[in-house]
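**Student:** Provide a 3D model corresponding to the input given below.
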Amino acid sequence: MKSFVFAFVASALTLNHHVDALVFQKAPNGSPLLSNLDALIESTSSNPNDPETQEEIKALMVSISESRQGDQRKKLPGQWELIFTTEKEVNFFKTSWPFASVSDIVQDIDVYDSQSVDNSINFEGGGKFAVTGTAKAIDGDSEYDRVVFEFTSAAITAWDRTFQLPPVGAGWFDTMYCDDCYRLSQDVRGDW
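**Tutor:** Sure, this is the predicted structure:
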């Protein structure tokens with residue numbers, strides 16, 4: 001499974017697990033910047049909403065993105081685990097959801113063949129919140145590589161039952177950097 005640091009549910013920073021979820025074990029090309037990012041992300045585990053640390057992480061992500069070569073979306077297809085995000089809704093589940101602890105947050109994405117995206121917040125004990133939809137690579141005005149998405153279904157699974165919810169969300173995210181282990185993205189709302 002790949003990992004990512006992100007602004008998820010449509011934007012994401014990613015790590016691969018070979019390393020994802022912001023436990024970076026492998027830094028491509030021995031990059032000290034990726035190792036620094038890993039350490040910063042680890043430091044947010046108790047307070048992911050700390051604005052000062054978030055700004056440090058964002059600045060480091062921009063520095064890392066300067067090393068990218070070619071279209072970063074070519075390495076997107078696959079499963080990624082979210083390890084960091086500034087997205088308030090996702091961080092609510094990670095830090096304040098009273099019913100169960102989050103075990104992982106995963107995104108399956110393919111912007112070329114199936115043009116699909118599936119995001120799941122998985123909870124200890126088997127529950128989950130999932131959204132699915134479409135995703136495709138487009139040319140955008142950004143210096144980064146853009147993906148547009150639209151969620152077409154949503155469901156929550158709890159107590160061995162699945163409840164359908166109205167899908168919410170459409171937009172884009174820019175892939176700032178992507179290799180076999182890390183994915184860094186920023187979305188339409190400015191989340192990382």
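**Student:** SS state for V90?
**Tutor:** The three-state label given to V90 by DSSP: H, G, I helix; E, B strand; the rest coil is helix.
**Student:** count of neighbours near it?
**Tutor:** 23 (other CB atoms under 10 Å). In this view, the C-beta of every residue, glycine as well, is placed from N, C-alpha and C.
**Student:** what does T162 give?
**Tutor:** Each residue near T162 was counted by other CB under 10 Å, and the total is 10.
**Student:** and the gap between it and E56?
**Tutor:** 40 Å (CB to CB, to the nearest Å).
**Student:** rounded mean pLDDT for the longest helix anywhere in the chain, please.
**Tutor:** What stands out as the longest helix in the chain, according to DSSP state H, is helix 51-65. For helix 51-65, the mean per-residue pLDDT is 82.
**Student:** okay, buried residues for it please.
**Tutor:** Going by neighbour count (16 or more other CB atoms under 10 Å), the buried part of helix 51-65 is T53, Q54, E56, I57, K58, L60, M61, I64, S65.
**Student:** what of stretch 115-134?
**Tutor:** For stretch 115-134, by 16+ other CB under 10 Å, it's 115-123, 127-133.
**Student:** got the contact list for it?
**Tutor:** Stretch 115-134 has contacts (CB atoms under 8 Å, 6 or more residues apart in numbering) with 8-10, 90, 93, 97, 99-110, 135-136, 149-160, 167-170.
**Student:** only the buried subset of those residues, as a PyMOL command please.
**Tutor:** Of those, the buried ones go into a single PyMOL selection, burial set by 16+ other CB under 10 Å:
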select buried, resi 8+9+10+90+93+102+104+105+106+107+108+109+135+136+149+151+154+157+169
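**Student:** still on that earlier bit, what's the first helix or strand after the longest helix of the chain?
**Tutor:** Heading C-terminal from helix 51-65, the first helix or strand you meet, by DSSP states H and E, is strand 78-84.
**Student:** report the angle between the axes of that next one and helix 51-65?
**Tutor:** In terms of direction (axes from the mean of the first three to the mean of the last three CA atoms, to 10 degrees), strand 78-84 departs from helix 51-65 by 140 degrees.
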